[in-house]
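**Q** can't give you the sequence, but here's the structure:
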């Protein structure tokens, strides 16, 4: 007797892929969406403006230890405009300094780099670079665009890791990232990120120490509501790796050779110490499928103590040496204690509806920001020029005793603005039209002086057509408006920056492709742009009207089913009145998994960055350079072992030489190893 067969009814299980999130974790290098360009969850392939997203995996693969590193392979960006600078991230986008945002709110409103504490990439889920003006939505920003840093947020699934790093210049770092649910239904979630670092830099007597802790908590009572509470405290103890060396001895030869890249020309005890504390709330609530509310607010307190002696290459550009043997230079000194408070908020409603064949996505928002800065500072000139700073032999430095001058108070500055904006994104078949308008009111107050009040209207408009094959050409017009708080060295208040841009381009992402190819041509102009003072290196001045134009081409994503790639080419023709940049810039980074003797889990990455030569007016030519970076990783169960290297050939190169008389060295070779352990 045979076995009895039983036939059960078939069961069909259908599951849809989760909707791509503009703030959640990504896989690979290619991001599908971004909230930066439109403040909605819009697909990048349907966004009529140049935007690049650096995902978490790309940050880790490229071994970024700071924001400049993370932007090395992003189209349109010169990430190290001032070379290796431990004080700030000196990126340039389309010839201008971008505005830096964190989770959609501006990190600081002032033009003071001494208000700055650098963001640690370990805190970030992704970095979004929006190129070109964006004042219609953000109210503040240069023609260069903005860099929006997206924080890691609590997740419902448990993810826990600890890691240690060791490497060049005495680098020792511990970091941990812990996240998960606090209750069974995951309505409460937590995240705790911490970093501790003890390190030096390629410049003698300049440290790079950091201690930070960033706890966050999310309450998600339903699929329609989420509230995230964020806090951070960061303590950096560093100095200035920018020594402001003269042209002679960096790009032009000195009879005694070239100035070493590790040369410290300051005073023992020089420092750039910063402390930053933040607290903020991110909220979203969906009333219906058509109506969503989003709100973000953050308060930040930043304190910086800065003391630095640097080469006086500015009193006599091109002839900075004081002795016949071309060894001795004069030095200047800048000393400042500054405290800054920034509070910002942004609230907007998104409403989706149809009028006949037209599908509307309307945004209505209001934002507010306030920056208040108090400071005491002092400046000292070289001996022989009315100051007391001793001269020094740059090729054999001895550090004579020196007492900095007493600090004196400067007028308190307060900048506040309130702006209202509306945007409509209209879809009609393959056509996408986006238009918006904004009105800002700005109050710029300086202690002891009349308060300046200004108003501005900013607009934007774009048109895109989507072909079924994935090609989407577009044309866009955008404006920028940036109030600038504080004063220059002479006590004069800065005027607002005003700019506009026309951009034409296309985006190409075939259906189901894991990569995207984008190209754009732009022309922009801006009035009152901030540039370094040609006489005083720690002062900022404003130019008249400037015009830039350029081309950007970018390919990002997974190709040949296994290679993660980020490549770009930029051409820029900057206005002669501003700091110049390489006209031609190209970079490509690729990572690929491989197997060794049937042992899986290996990944190798290799990148190359090329900058053409260029010249600022009066300054000697900054030579062209090609740099190579690499990565080798092995994943073994919960363990990951990684070796990163930047500037693998250890080229000594100059990132820029300015007309005022100084040059900046780029980063020398650095290699460090990371061991990471993940657990639940």
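**A** Good, I have the coordinates. Computed from a predicted model, the values in this text were never measured in an experiment.

**Q** what residues does the biggest helix by length in the chain touch?
**A** Counting residues, the longest helix found in the chain (DSSP state H) is helix 56-61. Applying C-beta atoms under 8 Å, 6 or more residues apart in numbering, the contact partners of helix 56-61 are 25-29, 70, 73, 121, 124-127, 152, 564, 566, 589, 591, 603, 605, 631, 633, 642. Yep, even glycine has a C-beta here, placed from its N, CA and C like the rest.

**Q** which element follows it toward the C-terminus?
**A** helix 67-70 (DSSP states H and E).

**Q** Contacts for that following helix, please.
**A** Contacts for helix 67-70 (C-beta under 8 Å, 6+ apart): 54, 59, 62-64, 79-80, 89-91, 118-119, 121, 124, 127, 147, 149, 646.

**Q** go again using 6 Å as the cut-off
**A** Contact with helix 67-70 is made by 54, 59, 64, 79-80, 89, 119, 121, 127, as judged by C-beta atoms under 6 Å, 6 or more residues apart in numbering.

**Q** rewinding a little: buried by neighbour count, from the contacts of helix 56-61: which ones?
**A** Among the contacts of helix 56-61, those classed as buried by neighbour count (16 or more other C-beta atoms under 10 Å) are 26, 29, 70, 73, 121, 124-127, 152, 564, 566, 589, 591, 603, 605, 631, 633, 642.

**Q** from the contacts of helix 67-70, which has minimum pLDDT?
**A** Lowest in pLDDT among the contacts of helix 67-70 is residue 89, which has 88.

**Q** Mind checking what secondary structure that residue has?
**A** coil (DSSP: H, G, I helix; E, B strand; the rest coil).

**Q** Count the neighbours of it for me.
**A** Number of residues near residue 89 (other C-beta atoms under 10 Å) recorded here: 23.

**Q** which residues sit in contact with residue 620?
**A** By C-beta under 6 Å, 6+ apart, residue 620 lies in contact with 247, 251-252, 657.

**Q** ugh, wrong one, residue 177
**A** For residue 177, the contact set (C-beta under 6 Å, 6+ apart) comprises 161, 193.

**Q** go with 7 Å
**A** Each residue near residue 177 by C-beta atoms under 7 Å, 6 or more residues apart in numbering is listed here: 152, 161, 193.

**Q** Between the residues you listed, which sits nearest residue 388?
**A** Of all the contacts of residue 177, residue 388 sits closest to residue 193, with 44.8 Å by C-beta to C-beta.

**Q** Now find how far off-centre the host helix or strand of the closest one is within its chain.
**A** Secondary structure assigned from DSSP H and E places residue 193 in strand 188-198. Computed by C-alpha atoms, centre = their mean, to the nearest Å, the chain-centroid distance of strand 188-198 equals 21 Å.

**Q** shaky segments in the stretch 401-550 of the chain?
**A** Counting by pLDDT under 70, the ranges of the stretch 401-550 of the chain that qualify are 483-491, 493, 530-532, 534-539, 544.

**Q** which residues in it form helices?
**A** Under the criterion DSSP state H, counting those that start in this stretch, the stretch 401-550 of the chain contains no helices.

**Q** all strands for it, in order.
**A** Per DSSP state E, counting those that start in this stretch, the stretch 401-550 of the chain carries strands over the ranges 408-428, 431-446, 452-465, 471-482, 497-508, 515-527, 530-532, 540-542, 545-559.

**Q** and what of the stretch 1-150 of the chain?
**A** Assigned by DSSP E, counting those that start in this stretch, the strands in the stretch 1-150 of the chain fall at 33-34, 42-43, 51-55, 77-78, 92-93, 99-102, 105-106, 124-131, 145-151.

**Q** Could you export the ones you listed as a markdown table, including distance to residue 304?
**A** Below are the strands of the stretch 1-150 of the chain laid out as a markdown table (distance: least, C-beta to C-beta, whole Å):
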| stretch | distance to residue 304 |
| --- | --- |
| strand 33-34 | 32 |
| strand 42-43 | 37 |
| strand 51-55 | 27 |
| strand 77-78 | 25 |
| strand 92-93 | 22 |
| strand 99-102 | 16 |
| strand 105-106 | 18 |
| strand 124-131 | 22 |
| strand 145-151 | 19 |
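
**Q** for those, which one sits closest to residue 226?
**A** Checking the strands of the stretch 1-150 of the chain against residue 226 by C-beta to C-beta gives strand 145-151 as the closest, at 13.8 Å.

**Q** buried sites along the helix or strand just after that closest one?
**A** Using DSSP H and E, the helix or strand that directly follows strand 145-151 along the chain is strand 159-167. Using 16+ other C-beta under 10 Å as the test for burial, strand 159-167 gives 159, 163, 165, 167.

**Q** What's the first helix or strand after strand 159-167?
**A** The helix or strand immediately downstream of strand 159-167 is strand 171-181, counting by DSSP H and E.
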